[in-house]
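Trainee: sequence? don't have it. structure:
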């Protein structure tokens, strides 16, 4: 029989839905899958008194660990020393769970009232580190599978990848703005190209099924992110010029 204290604690733990309702969006796949997974982790963390930053650091360790494993296995997988699909399976599991934890830390902080500027900085810095690892892992597989890949493509892919992260941070304050505010289904389907959950899932599946063709999504997302950067510059510049005193 549980003690009276245990019964009270269980009865006061918010539901998974309570955590999910505090999510900050992210796209169809992120909201429909990763944010729900994050809510499960957040609720478990709430029950155990876990600090939100602990989830943030766990996300970093898991995400970087998966990327390091992919990097280490990229060449053996291309040589046939290990199964070609192994790096992709590690990426799929590791990146998915890491992103759920990334969603969970914010949910836990908001529901438990443990939000802080320091925690927000740690979250952003860990996101940067984890995404550097992810880009390096994808690039390693691409170079291992296709040694003739031009280095300028790798550099442009790495540089343009951070556009999503930078713009998401810029859109989180009082000066937040969006080029397309509609949440209609057609618009949200188009925005899947910028849905982090959808993108990492696609890359992991390519690494599992056809690692030799990793260069194709790399080229596609490099183009998408570069065009989005240019469009964002134009959009922000026009808004700034309209707001300037005359």
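Mentor: Yes, it's here. Just so it is clear, the model here is predicted, and its values are computed rather than measured.

Trainee: contacting residues for residue 90?
Mentor: Contact partners of residue 90, counting by C-beta atoms under 8 Å, 6 or more residues apart in numbering, are 66, 69-70, 73. Backbone N, C-alpha and C define where each C-beta goes, glycine included.

Trainee: element containing it, please.
Mentor: Taking DSSP states H and E as the criterion, residue 90 maps to helix 86-112.

Trainee: Number of residues surrounding residue 238?
Mentor: 10 (other C-beta atoms under 10 Å).

Trainee: sorry, back to before: can I get the contacts of residue 90 in a markdown table including secondary structure?
Mentor: What follows is those, written out as a markdown table (DSSP: H, G, I helix; E, B strand; the rest coil):
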| residue | secondary structure |
| --- | --- |
| 66 | helix |
| 69 | helix |
| 70 | helix |
| 73 | helix |
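
Trainee: Show me which of these is closest to residue 153.
Mentor: Residue 153 has its nearest neighbour among the contacts of residue 90 in residue 70, at 18.6 Å by C-beta to C-beta.

Trainee: burial of the closest residue in space to the closest one that isn't next to it in sequence, as a residue count?
Mentor: Closest residue in space to residue 70, ignoring its immediate chain neighbours: residue 137 at 3.9 Å, by C-beta to C-beta, 6 or more residues apart in numbering. Residues near residue 137, counting by other C-beta under 10 Å, number 29.

Trainee: and the one helix or strand residue 137 maps to, what other elements does it pack with?
Mentor: Secondary-structure element containing residue 137, defined by DSSP H and E: helix 117-145. Judged by 3 or more C-beta pairs under 8 Å, 6 or more residues apart in numbering; DSSP states H and E, helix 117-145 is in contact with helix 52-79, helix 86-112, helix 151-170, helix 196-209, helix 215-243.

Trainee: what mean pLDDT does it have?
Mentor: Averaging pLDDT along helix 117-145 yields 95.

Trainee: what comes up buried for it?
Mentor: Judged by neighbour count (16 or more other C-beta atoms under 10 Å), helix 117-145 contains these buried residues: 119-120, 122-124, 126-127, 130-131, 133-145.

Trainee: wait, doesn't the residue nearest to residue 70 sit right on residue 94?
Mentor: No. Using C-beta atoms under 8 Å, residue 137 makes no contact with residue 94, being 9.7 Å away.

Trainee: picking up where we left off before, any idea which of the helices and strands packed on helix 117-145 gets closest to residue 26?
Mentor: Closest among the helices and strands packed on helix 117-145, using C-beta to C-beta: helix 196-209, at 6.4 Å.

Trainee: distance between stretch 59-66 and the chain's centre?
Mentor: Chain-centre distance of stretch 59-66: 12 Å, with C-alpha atoms, centre = their mean, to the nearest Å.

Trainee: what does stretch 228-245 give?
Mentor: Stretch 228-245 sits 26 Å away from the centroid of its parent chain (C-alpha atoms, centre = their mean).

Trainee: Now do the buried residues in it.
Mentor: Buried positions in stretch 228-245, judged by neighbour count with 16+ other C-beta under 10 Å: 228-229, 232.
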